[in-house]
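Enquirer: Sequence and predicted structure are below.
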Amino acid sequence: MVGLLRPFGRAVTYTRLLHLFVAVVWPAVLQFVTDAWWIWAVAAAALVPAGLVPAMRTVEGLQARLLLTGHPPDRGGEGGKDGIVVAPSSTWEDRGRLVLWLETRLLLGCVTGLLVAQLLYAVVDLLASAAGDRPNGGVVGLLGPPQAWHIALVPVLLAALAAAVWSSGTLITALAVRLLGPSPAERLAALEERTEQLLERTRIARELHDSIGHALTVAVLEAGAARAAGDPAFTRRALDAIEETGRAALEDLERVLGVLRDSGKPAGSRPTLTDADRLLESARASGAEVDADLTGPLEGVPGPVSREGYRILQESLTNVLRHAGPVPARVRVSVEGATLRLDVRNPLPADPPDPARGSGLRGIRERAALLGGSASAGPVGDDWQVHVELPVR
């Protein structure tokens, strides 16, 4: 019993009824003034051109969100958790559904209004009949002369009134979700947007892993080497290298956080392969003997390819320092025709990483795949090699 009464303790039950009555206020007033029933036909016809106005869906969506669901009438483009869109109509399908919504809302508002009015009228008549007054006609008039037992029918009519209010509100809400909800094209656009957001989060995670991981690896190796060397001059150089690497990592961190704060921030400030000397010097400062050969017009490599190539090189050098230590490494970066080739080789460590595992190697493969290229990592003779090919056109 309590469960049946619970909906009537919620404000949204009555705002839904108000939503239906708002739709029929102006035709009802005109009909009352003119006493002409054809006003309703005119009202129904007037809703057709109104529904073809793109902004009308925004008006109806905001009103439906506020009165039918109780959610704040924000201006989100795609349907929120209530499934109701408040963006203007963009296609003729959206306009057609809006016209159908307006006509359905008018019809259901008329039916609900008449039913609620008749039930209230009947309740008043039953109370009057139980008090000894003759009813004013209608259904109660069929019960004959006034009788005290007529009051026993009042709870029945009140239950019918409650059922009418609840069912009409539930029905109009379901219709709003169906007719004011996102179209297939809007659902696809929302899905694509969510996919882009997930890809952006993955990219940011890779950025943080590559940049911060590289900086921490260099700092740990520099600190360990300085402690083992016991040479003040070497310690000063190590501290300088740690300071420079840390400053670069802080810049990268600030840039990534800036992207999180402002999704419209361009990616042009990210380092590219033309900044590769900074990576090579950082690796050399850590004790590694880096033999680098950068050939070809690197400055002409498209921005996305050059930026991802920089991160691939950074992760490759980080892996050299992390798994093999300060060992000789050969770096070859070349632009040959329509392909950017990147090779990093170093002596095979005693415990080589598993190519199928590790977020760093996985990130390298993901970066290459997103650009339509390929990446491989594994033992080649006595060396460990990372080989990447990226299309530049």
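Expert: Nice, thanks for sending it over. Numbers count the residues shown, from 1 in each chain.
Enquirer: can you pull out the strands in the chain?
Expert: All strands of the chain, identified by DSSP state E, fall at 290-295, 329-336, 339-347, 374-380, 383-391.
Enquirer: quick check: angle from the last one to strand 339-347?
Expert: In other words, strand 383-391. Strand 383-391 runs at 170 degrees relative to strand 339-347, counting by axes from the mean of the first three to the mean of the last three Cα atoms, to 10 degrees.
Enquirer: could I get strand 383-391 in PDB with only the CA atoms?
Expert: The C-alpha trace of strand 383-391 is given here as PDB (Å, rounded to 0.1, in the frame of the first residue of the first chain):
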ATOM      1  CA  ASP A 383      71.400  -6.500 -29.400                       C
ATOM      2  CA  TRP A 384      68.000  -5.300 -28.300                       C
ATOM      3  CA  GLN A 385      66.300  -3.300 -31.100                       C
ATOM      4  CA  VAL A 386      63.200  -1.100 -31.300                       C
ATOM      5  CA  HIS A 387      62.300  -0.500 -35.000                       C
ATOM      6  CA  VAL A 388      59.500   1.800 -36.000                       C
ATOM      7  CA  GLU A 389      58.200   2.900 -39.400                       C
ATOM      8  CA  LEU A 390      55.700   5.800 -39.700                       C
ATOM      9  CA  PRO A 391      54.100   7.200 -42.800                       C
END
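Enquirer: From the contact counts, what lies against it?
Expert: Contact analysis of strand 383-391 by 3 or more Cβ pairs under 8 Å, 6 or more residues apart in numbering; DSSP states H and E lists helix 303-319, strand 339-347, helix 359-370, strand 374-380 as its packing neighbours. (C-beta placed from N, C-alpha, C; glycine too.)
Enquirer: Which positions in it come out as buried?
Expert: Trp384, Gln385, Val386, His387, Val388, Glu389, Leu390 (16 or more other Cβ atoms under 10 Å).
Enquirer: In contact with the third one, which residues?
Expert: Read it as Val386. Ile312, Ser316, Asn319, Leu342, Asp343, Val344, Arg345, Leu361, Ile364, Ala375, Ser376, Ala377 (Cβ atoms under 8 Å, 6 or more residues apart in numbering).
Enquirer: now the stretch 151-300 of the chain, which segments are flagged as low pLDDT?
Expert: For the stretch 151-300 of the chain, the stretches flagged by pLDDT under 70 are 185, 188-211, 214, 252, 254-269.
Enquirer: What ranges does it have for its helices?
Expert: 154-179, 184-229, 232-261, 276-285 (DSSP state H, counting those that start in this stretch).
Enquirer: re the thing from before, I'd like to know which of the strands of the chain lies nearest to Leu108.
Expert: strand 383-391 (58.2 Å; Cβ to Cβ).
Enquirer: distance between that closest one and the chain's centre?
Expert: Relative to its chain's centre, strand 383-391 lies at 35 Å (Cα atoms, centre = their mean, to the nearest Å).
Enquirer: Please apply the same query to stretch 383-393.
Expert: Worked out by Cα atoms, centre = their mean, stretch 383-393 lies 34 Å from the chain centre.
Enquirer: same check, this time on stretch 161-172
Expert: That offset, for stretch 161-172, works out to 33 Å (Cα atoms, centre = their mean).
Enquirer: who's in contact with it?
Expert: 7-8, 12-14, 16-17, 19-20, 68, 105, 108, 111-112, 115-116, 119-120, 123.
Enquirer: in it, what's buried?
Expert: Result for stretch 161-172 [16+ other Cβ under 10 Å]: buried residues Leu161, Ala162, Ala164, Val165, Trp166, Ser168, Gly169, Ile172.
Enquirer: burial of Gly70, as a residue count?
Expert: For Gly70, the count of nearby residues is 14 (other Cβ atoms under 10 Å).
Enquirer: my read: it touches Tyr14, true?
Expert: No - contact status for Gly70 versus Tyr14: not in contact, 10.9 Å apart, counting by Cβ atoms under 8 Å.
Enquirer: wait, what's in contact with the nearest residue to Gln31 once chain neighbours are set aside?
Expert: Computed as Cβ to Cβ, 6 or more residues apart in numbering, the closest residue to Gln31 that is not its neighbour in sequence is Ile39, at 4.5 Å. Taking Cβ under 8 Å, 6+ apart, we find Ile39 in contact with Pro27, Leu30, Gln31.
Enquirer: Sort out which of the contacts of Val386 are buried, if you could.
Expert: Ile312, Ser316, Asn319, Leu342, Asp343, Val344, Arg345, Leu361, Ile364, Ala375, Ala377.
Enquirer: that older thread, now the contacts of Ile39 in JSON lines, with distance to Ala350?
Expert: Below are these laid out as JSON lines (distance: Cβ to Cβ, whole Å):
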{"residue": "Pro27", "distance to Ala350": "86"}
{"residue": "Leu30", "distance to Ala350": "91"}
{"residue": "Gln31", "distance to Ala350": "92"}
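Enquirer: which residues touch the closest residue to Ala160 other than its chain neighbours?
Expert: Ranked by Cβ to Cβ, 6+ apart and with sequence neighbours excluded, the top spatial neighbour of Ala160 is Leu119, at 5.9 Å. For Leu119, the contacting residues are Leu157, Ala160, Leu161, Ala164, by Cβ under 8 Å, 6+ apart.
Enquirer: same thing with Ala50?
Expert: Contacts for Ala50 (Cβ under 8 Å, 6+ apart) come out as Met56, Leu102.
Enquirer: For Asp291, the count of nearby residues, please.
Expert: Using other Cβ under 10 Å: Asp291 sits among 11 other residues.
Enquirer: Can you add pLDDT and give the contacts of Ile39 back as CSV?
Expert: Shown next, in CSV, are the contacts of Ile39 (pLDDT from 0 to 100):
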residue, pLDDT
Pro27, 85
Leu30, 81
Gln31, 80
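Enquirer: for those, which one is nearest Gly325?
Expert: Among those, and counting by Cβ to Cβ, the member closest to Gly325 is Pro27, at 83.8 Å.
Enquirer: Fine, thanks again, bye for now.
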